[in-house]
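Here you go, sequence then predicted model.
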Amino acid sequence: MSIKADHRHLYLQVIDRLKSDIEKGIYKENEKLPSEFILSKELGVSRATLREALRLLEEENVIVRRHGVGTFVNPKPVFSSGIEQLSSISSMIEKAGMTPGTIFIKATEDTPTEDDLERFGCDANDLVITIERVRTANDEPVVYCVDKVLAKHLPEDFVQKKEVSIFSSLEQSGDIHVAYAVTYIDPIGYHEQVSTILNCGRETALLVLKQLHYDDNDCVVLYSKNYFRADKFSFHVIRKRV
């Protein structure tokens, strides 16, 4: 059925129509879509219009185009969360009815880099601990985490404990309270190291969340760089009119 009765831009109509068809189960998760030639005929639009709609749908992670193979419907993310509130990865996984877990990779202690000096406002003699972990859902790896924190803010036995929450360890002494975070989100494609760790194919995108966590005195106490599987996680924000 042609969609030309609608008076909006054609590529917007195509986007809505394909999303609706996916919602209705006409095109199922991981299913290959018809060819551009067939789809453009079915929708009554040019292939150029269809390609623009498909490009935008791919940016939204609704579909994935595999070169030389075709266009496929991406599975809906299992975990979804707003980014207005600081919630842990574990709580997101638990809300989805799954069991969170942690695979500890390594922790290193070193002198601060130039970025660390600027980020934490620390001295060159301070030590920075970098913790690398993989978070799992029902034993499936879903997030690769890299956290950096000043060693002086953590208990001496933190690294040995491995499973202990960084937040709770930071706040253990009572001197630090994590009040808020500033988050930057970047979508990326295949990552040679991280995608392998998370068992991702080249077609699976990643969402990188870089977070600066501040205490009540507006000082950065934790820097996190988390790689989320885009086929498992989605994030949203509530925006209010002012």
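Great, that's in hand. Residues are numbered from 1 along each chain as shown.

I figured Gly189 hits Ala205, correct?
Yes: using Cβ atoms under 8 Å, Gly189 is in contact with Ala205, at 5.9 Å. Yep, even glycine has a C-beta here, placed from its N, CA and C like the rest.

These two: which is more packed in?
Legend: neighbour count by other Cβ atoms under 10 Å for Gly189 and Ala205, higher for Ala205 (21 against 12).

That one touches Lys232, doesn't it?
No: between Ala205 and Lys232 there is no contact under Cβ under 8 Å: 10.9 Å.

quick one: low-confidence ranges for the protein?
For the chain, the stretches with pLDDT under 70 are 1-8, 77-86, 159-164, 240-242.

can you map out the helices along it?
Along the chain, the stretches classed as helices by DSSP state H are 10-23, 36-43, 47-59, 89-95, 114-120, 158-161, 166-170, 194-197.

Same list (those) but as a markdown table, adding mean neighbour count.
Listed next are the helices of the chain as a markdown table, based on neighbours: other Cβ atoms under 10 Å:
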| stretch | mean neighbour count |
| --- | --- |
| helix 10-23 | 17 |
| helix 36-43 | 15 |
| helix 47-59 | 17 |
| helix 89-95 | 17 |
| helix 114-120 | 14 |
| helix 158-161 | 14 |
| helix 166-170 | 17 |
| helix 194-197 | 16 |
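
phi, psi of the closest residue to Ala179 other than its chain neighbours?
Excluding the flanking residues, the one nearest Ala179 by Cβ to Cβ, 6 or more residues apart in numbering is Asp216, at 5.0 Å. Per-residue torsions, Asp216: phi -70, psi -20 (degrees, to the nearest 10).

Asp216 against Gly174, yeah?
No: with contact defined as Cβ under 8 Å, Asp216 does not reach Gly174; the gap is 11.9 Å.

which one of those two has more residues nearby?
Neighbour totals were compared for Asp216 and Gly174, and Asp216 leads with 10 against 6 (other Cβ under 10 Å).

mind listing what Glu59 touches?
If a contact means Cβ atoms under 8 Å, 6 or more residues apart in numbering, then Glu59 has no contacts.

where's it relative to Asn74, distance?
12 Å (Cβ to Cβ, to the nearest Å).

ditto for Asp16
Distance, Asp16 to Asn74, by Cβ to Cβ: 17 Å.

Check Leu39 too.
Look at Leu39 and Asn74: by Cβ to Cβ, they are 17 Å apart.

what does Val45 give?
22 Å.

what do you get for Lys19?
Distance, Lys19 to Asn74, by Cβ to Cβ: 12 Å.

Over to Leu127?
From Leu127 to Asn74 the distance is 42 Å (Cβ to Cβ).

Looking at these two, which one has more neighbours?
With other Cβ under 10 Å as the criterion, Leu127 and Asn74 differ in neighbour count, and Asn74 comes out ahead with 20 against 12.

At which residues are the strands of the chain located?
For the chain, applying DSSP state E gives strands covering 63-66, 70-73, 79-82, 100-110, 128-137, 140-150, 178-188, 206-215, 220-229, 233-236.

Extract the CA atoms of the fifth one and return them as CSV.
In CSV, the C-alpha atoms belonging to strand 128-137 read as follows (Å, rounded to 0.1, in the frame of the first residue of the first chain):
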residue,chain,number,x,y,z
VAL,A,128,45.4,6.6,40.1
ILE,A,129,43.7,3.2,40.2
THR,A,130,42.3,1.9,36.9
ILE,A,131,39.8,-1.0,37.2
GLU,A,132,38.7,-3.0,34.2
ARG,A,133,35.7,-5.3,34.5
VAL,A,134,33.0,-6.9,32.4
ARG,A,135,29.4,-6.8,33.7
THR,A,136,27.2,-9.8,32.8
ALA,A,137,23.5,-10.5,32.6
